[in-house]
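Student: structure, please.
(one chain, ligands or ions: 1)
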Amino acid sequence: CSRCEPRLPVLLVYEVGGISGVLEALVPFLKKYFHLITMKEFLESKDRFAAQVKAVYVWWQRPIIDRELLKSLPNLKVIANSGVGMDHLDLKLISEFGVRMVNTPQAVCNSTADTGMALLLAAARRLVEGHQTAVSPDTKYFLSNWLGEEVSGATLGIIGMGRIGYKVAQRAKAFDMKILYHNRNRRRKDEELVVGAYYCEKIEDLLQQSDFVMLVVTLTPQTYKLIGKKEFELMKPTAILINISRGQVVDQDMMVEALKTGIIKGAAMDVTYPEPLPRDHPLLQLKNVIITPHLGCKTHRSYFMITEEAVQNILAVLSGLPMSSEVLPD
Ligand SMILES: O=C(O)C(=O)CO
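Tutor: From the prediction side, this is the model:
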């Protein structure tokens, strides 16, 4: 009967709470705009819900969007992805089903740039080793030969000056760093002036000149293993690599080699492949490495803003209004 049917558009999420579920705190907000169903509820009542689901909210890679799911949702209009990275989605497949895709780039840029800067500072000043020293029972405390690097005046090379890269540049400017950046195309001329960044057309130039290299590109076939043997060899032996993009942007075996043999000085990574690394992975044995568990944009504020941005985008698609963050298959 029509009275039993949900009056709000039906939004499918993987689950609520738990390891892979939408944060419970966000559910009241989502429920203002949608009739929310979980994957479990959907699978239990496919006959009831299949034709009603208008949108899916992919919360950190769940649910997995495959052909079978797309086939079972004939009136699906839009898939909203939390965060900015879409490498876990088959964009071509989704568009074949006439479904639009949106992400939430505004919501994540400050928090992810903070993570990049935090890693840069932590690696430069050996914060993790420092912490381990401070809490260790049998350590001589004031080791005068245990010096870090100064960030002010050092050169930061940003590979991938998109929204997040630009936020990193703003932070680096406040630290008096010299900023270089590389994009495939120079399309940030106004912003270059604001932060005082220099464009390197060739990635090689940036690698040779930078004291810190930060990876902020999205993972695409073009950026897969962008940093490999040749690129490590171009970097200064004193350089520190920071990765806040995706693990696969770096050839990880080559990175282990570069870190072990002193081709570069250190690395700080919020992303690896796989995540997490197997416990016996050589990267976990190295002292000149900091690894964080994809903290990226994980702040209370960002998580709320992500959901706000996703909701705005979904509602815009459903009502045929323009929206800010459509992702096209190419
Ligand atoms: O936005 C993303 O895709 C991220 O990984 C941020 O942590």
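Student: going forward, measure contacts between C-alpha atoms and count neighbours the same way
Tutor: OK.
Student: okay, now Asp176: neighbour count?
Tutor: 13 (other Cα atoms under 10 Å).
Student: correct me, but it touches Thr155?
Tutor: No. Assessed by Cα atoms under 8 Å, Asp176 is found out of contact with Thr155, at 9.3 Å.
Student: for Lys140, helix, strand, or coil?
Tutor: coil (DSSP: H, G, I helix; E, B strand; the rest coil).
Student: show me where the stretch 101-250 of the chain has its strands.
Tutor: 155-159, 178-182, 197-199, 212-215, 240-243 (DSSP state E, counting those that start in this stretch).
Student: want to throw those into JSON lines with distance to the ligand, mean pLDDT and mean neighbour count?
Tutor: Converted to JSON lines, the strands of the stretch 101-250 of the chain look like this (distance: least, Cα to the nearest ligand atom, whole Å; pLDDT from 0 to 100; neighbours: other Cα atoms under 10 Å):
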{"stretch": "strand 155-159", "distance to the ligand": "16", "mean pLDDT": "98", "mean neighbour count": "27"}
{"stretch": "strand 178-182", "distance to the ligand": "20", "mean pLDDT": "98", "mean neighbour count": "24"}
{"stretch": "strand 197-199", "distance to the ligand": "24", "mean pLDDT": "97", "mean neighbour count": "21"}
{"stretch": "strand 212-215", "distance to the ligand": "13", "mean pLDDT": "99", "mean neighbour count": "26"}
{"stretch": "strand 240-243", "distance to the ligand": "11", "mean pLDDT": "99", "mean neighbour count": "26"}
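Student: tell me which of those strands lies nearest to Thr38.
Tutor: Minimum separation from Thr38 across those (Cα to Cα) falls at strand 240-243, 33.4 Å.
Student: please name the strands paired to that closest one in the sheet, noting orientation.
Tutor: For strand 240-243, the paired strands and their directions (DSSP bridges) are strand 212-215 (parallel), strand 266-269 (parallel).
Student: can you redo the ones you listed as TSV with distance to Ile240?
Tutor: As requested, the strands paired with strand 240-243 are exported to TSV (distance: least, Cα to Cα, whole Å):
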stretch	distance to Ile240
strand 212-215	5
strand 266-269	5
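Student: not counting sequence-adjacent ones, nearest residue to Leu226?
Tutor: Setting aside the residues directly before and after it, Leu226 is nearest to Val249 in space (Cα to Cα, 6 or more residues apart in numbering), at 5.4 Å.
Student: so who does Leu206 touch?
Tutor: Gly157, Leu180, Tyr181, His182, Cys200 (Cα atoms under 8 Å, 6 or more residues apart in numbering).
Student: now do Leu234
Tutor: Glu204, Leu207, Gln208.
Student: repeat that with 10 Å
Tutor: Counting by Cα atoms under 10 Å, 6 or more residues apart in numbering, Leu234 touches Ile203, Glu204, Asp205, Leu206, Leu207, Gln208, Gln209, Ile263, Ile264.
Student: the fourth one and the ligand: what is the separation?
Tutor: Using Cα to the nearest ligand atom, to the nearest Å, Leu206 is found at 24 Å from the ligand.
Student: distance of that residue from Ile159?
Tutor: Using Cα to Cα, to the nearest Å, Leu206 is found at 8 Å from Ile159.
Student: which ones among the contacts of Leu234 lie within helices?
Tutor: The helices, defined by DSSP state H, take in Ile203, Glu204, Asp205, Leu206, Leu207, Gln208, Gln209 from these.
Student: hang on, Arg48 in a strand?
Tutor: No. Under three-state DSSP, Arg48 sits outside any strand and is assigned helix.
Student: run a quick neighbour tally on it.
Tutor: Per other Cα under 10 Å, the neighbour tally for Arg48 reads 12.
Student: what's the answer for Leu69, then?
Tutor: Leu69: 12 neighbours (other Cα under 10 Å).
Student: and stretch 276-294, how far from the chain's centre?
Tutor: Centroid separation for stretch 276-294 versus its chain: 18 Å, with Cα atoms, centre = their mean, to the nearest Å.
Student: how about the residues of the stretch 201-330 of the chain by the ligand?
Tutor: Gly296, Cys297 (Cα under 6 Å from any ligand atom).
Student: in the stretch 201-330 of the chain, what residue comes closest to the ligand?
Tutor: Gly296 (3.3 Å; Cα to the nearest ligand atom).
Student: about what we covered before: hey, what's in contact with both of Leu206 and Ile159?
Tutor: Taking Cα under 10 Å, 6+ apart as the contact rule, Leu206 and Ile159 both touch Leu180, Tyr181, His182, Cys200, Val213.
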